[in-house]
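Colleague: this one's structure only:
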């Protein structure tokens, strides 16, 4: 149970970036779906919403608006543009005080725009909404799942992972890498066994291996998606604090390729042309020549923070030496990549291919130079 007495919490840099990412994604997501003739209703659910307002850790004299307020404003604007469509928003929190504060900040209801406030366990709300949404036709939803205590209730999430919609899950990596090995109480052990759907004995060997925890979460997501005739896409982006320690991964899950592509592009745009909030201290710009006689640039790659040049490296390896490769084929390869965007950075990608590898860029094709690439 979170601390319900404190109405306004403090938001640090990584939290503010999370607010920005979700706000930008929701606005673009809603605009696209409102133009779809098969979508009459949009539903946004934030089942652990907090009060909507935070003290800014970067500036004690200022406040910053959280996800609920930003999303409410964005969706109200979308609703005005599309009066023939309907938008429903659900905000829930354990604290009645926080919900009352949030109620004073969000947009007022309109003919086609409605906000429902609830108080209590967000997982209970989801189990109730799952049945209601399954009976609503021509409805598309986006669920933001950001648990206070890092516990994931997969029973509550499962219906949403199997419906035509989007789910964004905050997976608290820092909590797991720091606390799993120290879990002794029955409550703590149950928390991690519930989140990772395995015995604590199987989690202890993970130690502080961030990838192990992330891979386990993605395994669970894919296993719980039971609609096997529909491909399921999962994109995950890490958030780091000011000390460059990873805090959490924001995981996006969907059956919709357009939503998957949009989330990746939005994340890179939010992070300023890279794949996370990590500060790489300029190492990404350190380029040296390979002295094996092939003149291939060697570039520092951080798997927790990719840059456009890393996309160029990936494509060069994929199409090394091939002539007149259609741009459509190139962007298609990036479409299903779990991190690299296929839209929004095309000009930059082409420039990197030309600069790093001497690729010949045509109007509709690229000819890749032949390089002695390591597999």
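Modeller: That came through fine. Predicted, not measured: the structure shown is a model, and the values here were computed from it.

Colleague: okay, CA-based contacts and neighbour counts for the rest of this
Modeller: Noted.

Colleague: Quick check: buried residues in stretch 200-217?
Modeller: By 16 or more other C-alpha atoms under 10 Å, the buried positions in stretch 200-217 come out as 200, 203, 206, 208, 213, 214, 217.

Colleague: Throw those residues into a markdown table and include secondary structure, thanks.
Modeller: Converted to a markdown table, these look like this (DSSP: H, G, I helix; E, B strand; the rest coil):
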| residue | secondary structure |
| --- | --- |
| 200 | helix |
| 203 | helix |
| 206 | helix |
| 208 | coil |
| 213 | helix |
| 214 | helix |
| 217 | helix |
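
Colleague: Output those residues as a markdown table; include the columns distance to residue 159.
Modeller: Below are those laid out as a markdown table (distance: C-alpha to C-alpha, whole Å):
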| residue | distance to residue 159 |
| --- | --- |
| 200 | 26 |
| 203 | 26 |
| 206 | 29 |
| 208 | 31 |
| 213 | 23 |
| 214 | 21 |
| 217 | 17 |
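
Colleague: What is the nearest of the residues you listed to residue 33?
Modeller: Set against residue 33, the nearest of the buried residues of stretch 200-217 by C-alpha to C-alpha is residue 217 (28.1 Å).

Colleague: excluding its backbone neighbours, what's nearest that closest one?
Modeller: residue 196 (6.5 Å; C-alpha to C-alpha, 6 or more residues apart in numbering).

Colleague: and the buried residues of stretch 200-217, which two are the farthest apart?
Modeller: 200 and 214 (15.9 Å).

Colleague: what stretches of the protein score poorly on pLDDT?
Modeller: 1-5, 287-298, 373-375 (pLDDT under 70).

Colleague: could you pull out the helices for it?
Modeller: Assigned by DSSP state H, the chain shows helices spanning 13-34, 67-81, 96-105, 122-134, 154-161, 173-179, 186-196, 200-203, 210-224, 257-270, 308-319, 327-335, 346-357.

Colleague: rewinding a little: so the residue nearest to residue 217 sits against residue 219, correct?
Modeller: No: between residue 196 and residue 219 there is no contact under C-alpha atoms under 8 Å: 9.6 Å.

Colleague: Which of those two has more residues huddled nearby?
Modeller: Taking other C-alpha atoms under 10 Å, residue 196 and residue 219 do not tie; residue 196 has more neighbours (22 against 12).

Colleague: for that one, what are its contacts?
Modeller: Residue 196 is in contact with 216, 217, 220, counting by C-alpha atoms under 8 Å, 6 or more residues apart in numbering.

Colleague: likewise residue 93?
Modeller: 47, 48, 49, 50, 99, 118, 119, 120, 121, 122.

Colleague: Make a markdown table out of those and add neighbour count and distance to residue 165.
Modeller: Converted to a markdown table, the contacts of residue 93 look like this (neighbours: other C-alpha atoms under 10 Å; distance: C-alpha to C-alpha, whole Å):
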| residue | neighbour count | distance to residue 165 |
| --- | --- | --- |
| 47 | 26 | 16 |
| 48 | 22 | 19 |
| 49 | 27 | 19 |
| 50 | 27 | 23 |
| 99 | 22 | 25 |
| 118 | 16 | 22 |
| 119 | 18 | 24 |
| 120 | 14 | 24 |
| 121 | 15 | 22 |
| 122 | 24 | 18 |
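
Colleague: Next, format those as a markdown table and append distance to residue 329.
Modeller: Below are the contacts of residue 93 laid out as a markdown table (distance: C-alpha to C-alpha, whole Å):
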| residue | distance to residue 329 |
| --- | --- |
| 47 | 40 |
| 48 | 41 |
| 49 | 41 |
| 50 | 44 |
| 99 | 49 |
| 118 | 47 |
| 119 | 49 |
| 120 | 49 |
| 121 | 47 |
| 122 | 43 |
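
Colleague: Mark which of the residues you listed are part of strands, please.
Modeller: 118, 119 (DSSP state E).

Colleague: Tell me the one of the contacts of residue 93 nearest residue 19?
Modeller: residue 49 (11.5 Å).

Colleague: From residue 165, how far out is the residue lying closest to residue 232 once chain neighbours are set aside?
Modeller: Nearest non-adjacent residue to residue 232, counting by C-alpha to C-alpha, 6+ apart: residue 255, 4.6 Å away. Distance check for residue 255 against residue 165: by C-alpha to C-alpha, to the nearest Å, it reads 7 Å.

Colleague: Count residues in the vicinity of the nearest residue to residue 33 once chain neighbours are set aside, would you?
Modeller: The shortest distance from residue 33 to any non-neighbouring residue, by C-alpha to C-alpha, 6+ apart, is to residue 39 (6.4 Å). Look at residue 39: counted by other C-alpha under 10 Å, it has 15 neighbours.

Colleague: Residue 164 is in contact with residue 39, correct?
Modeller: No: applying C-alpha under 8 Å as the test, residue 39 and residue 164 come out as separate, 11.0 Å apart.
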